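# Here's a sequence, model it:
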Amino acid sequence: MAKGNGYWLWPKHMASLDLKNLANRGTKHIFLLSDAISSYGKSYVVSWIKRANSYGMKVHIWMLVCYNGDWVSPVRDDGSYKHAFINQKINEAKYYAKISGVAGVHLDYMRYGGTAHKHINAVQSITYIVKKISYAVHSIKPNAIVSVAVMPEPDMMLYYYGQDIPQLSKYADALLPMVYKSAYGKNTNWIRSVTKTFVKQSNGAKIWTGIESYKSENNPVSLSYAALMKDARTAMAGGADGVVIFRIGLTKYLNFKNV
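Numbering: from 1, shown residues only. Next up, the predicted model:
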């Protein structure tokens, strides 16, 4: 599995990307939001993926699981699983896995929105969905990469989000903690400590640390190249197997070869 250096990508930036330049700078992975298919059509997406592949980059389809504008709990009030919803998401992941050239399926919002402690079987349900999707995707493409975006709060993962890192890492190939320091009012050193914790907790999954490319949500101005590089190097110093940047369209192209 190629080192986890890459970007999350919103569809509106697909056409403007300099894929050759990205590849020359050591970019190995692009996480393309699934809306690209409904926005531009499957054939366009397949063609675009083929071009990215020609430069040695893997493209993952980035899908949302427990969020569709509002949070969706995968369990009922009594803790029983909403199997119709879960099967819908499994089938969606299988559809993406079958697309020509797709290297992986990336699960975002694979969690509760801070309310896991209010639901019976919350933690078990999140692990269950990841397990079922992982098995389904790998049955279609054995070498596909199933990855999960996770929150960056090691002590609160179970209580608020239902994300059990040791368990999820048994089924996912990579976990991407979204270590966005501005959202938590933290400095660069926090990136190292959070990454280090997740590396220790992982039972097999690679840890690809997600970092933000901008100053803050309220001030979405691109970080300087030097600041972005410092954050990336700090993540690697914490033991990350790669760095994924949120997001293209709001960042300078990082030379991952120097990270």
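# phi, psi of the residue nearest the centre of the chain?
The chain has Ala149 as the residue nearest its centroid, 3.9 Å off, counting by C-alpha atoms, centre = their mean. In terms of degrees, to the nearest 10, the main-chain angles of Ala149 are phi -80, psi 130.
# Which residue ranges of the chain form strands?
6-9, 29-33, 58-64, 102-108, 145-150, 174-177, 206-212, 242-246 (DSSP state E).
# would JSON lines of those strands with distance to Ile120 and mean pLDDT be doable?
C-beta here means a position set from N, CA and C on the backbone, and glycine is covered the same way. Formatted as JSON lines, these follow (distance: least, C-beta to C-beta, whole Å; pLDDT from 0 to 100):
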{"stretch": "strand 6-9", "distance to Ile120": "32", "mean pLDDT": "98"}
{"stretch": "strand 29-33", "distance to Ile120": "32", "mean pLDDT": "98"}
{"stretch": "strand 58-64", "distance to Ile120": "23", "mean pLDDT": "98"}
{"stretch": "strand 102-108", "distance to Ile120": "22", "mean pLDDT": "98"}
{"stretch": "strand 145-150", "distance to Ile120": "22", "mean pLDDT": "98"}
{"stretch": "strand 174-177", "distance to Ile120": "25", "mean pLDDT": "98"}
{"stretch": "strand 206-212", "distance to Ile120": "30", "mean pLDDT": "98"}
{"stretch": "strand 242-246", "distance to Ile120": "32", "mean pLDDT": "98"}
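# Just the buried residues of stretch 69-78, please?
72-75 (16 or more other C-beta atoms under 10 Å).
# ok, the residues you listed vs Thr197, which is closest?
Using C-beta to C-beta, Pro74 is the member of the buried residues of stretch 69-78 that lies nearest Thr197, at 25.9 Å.
# What degree of burial does the nearest residue to that closest one once chain neighbours are set aside show, as a neighbour count?
Leaving aside its chain neighbours, Pro74 sits nearest to Ser125 (4.6 Å; criterion: C-beta to C-beta, 6 or more residues apart in numbering). By other C-beta atoms under 10 Å, the residues close to Ser125 number 23.
# Tell me the pLDDT of Ser125.
Note on Ser125: pLDDT of 98.
# if I look at Asp164, how far off is Tyr128?
11 Å (C-beta to C-beta, to the nearest Å).
# For those two, list the residues in contact with both.
Counting by C-beta atoms under 8 Å, 6 or more residues apart in numbering, Asp164 and Tyr128 have no common neighbour.
# what's the lengthiest helix in the chain packed up against?
Secondary structure of the chain per DSSP state H: the longest helix is helix 122-140. Contacts defined by 3 or more C-beta pairs under 8 Å, 6 or more residues apart in numbering; DSSP states H and E place helix 122-140 against helix 83-97, strand 102-108, strand 145-150, helix 165-171.
# closest one to His60 among the ones you listed?
So among the helices and strands packed on helix 122-140, strand 102-108 is nearest, using C-beta to C-beta, at 3.9 Å.
# Contacts for the closest one next, please.
By C-beta under 8 Å, 6+ apart, the residues outside strand 102-108 that reach it are 29, 31, 49, 58-65, 93, 96-97, 130, 133, 137, 141, 144-149, 172-173, 176.
# Give me the nearest residue to Thr195, chain neighbours excluded.
Gly238 (3.2 Å).
# Please give me every residue in contact with that neighbour.
191-196, 199, 209.
# before we move on, what about Tyr160?
So Tyr160 contacts 112, 114-117, 151, 153 (C-beta under 8 Å, 6+ apart).
# Just the buried subset of those, written out for ChimeraX, thanks.
The ChimeraX selection below is limited to those of the contacts of Tyr160 classed as buried (16+ other C-beta under 10 Å):
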select :112,116,151
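# can I get the contacts of Tyr160 in a markdown table with pLDDT and distance to Val221?
Listed next are those as a markdown table, based on pLDDT from 0 to 100; distance: C-beta to C-beta, whole Å:
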| residue | pLDDT | distance to Val221 |
| --- | --- | --- |
| Tyr112 | 98 | 31 |
| Gly114 | 98 | 27 |
| Thr115 | 98 | 32 |
| Ala116 | 98 | 33 |
| His117 | 98 | 36 |
| Met151 | 98 | 24 |
| Glu153 | 98 | 26 |
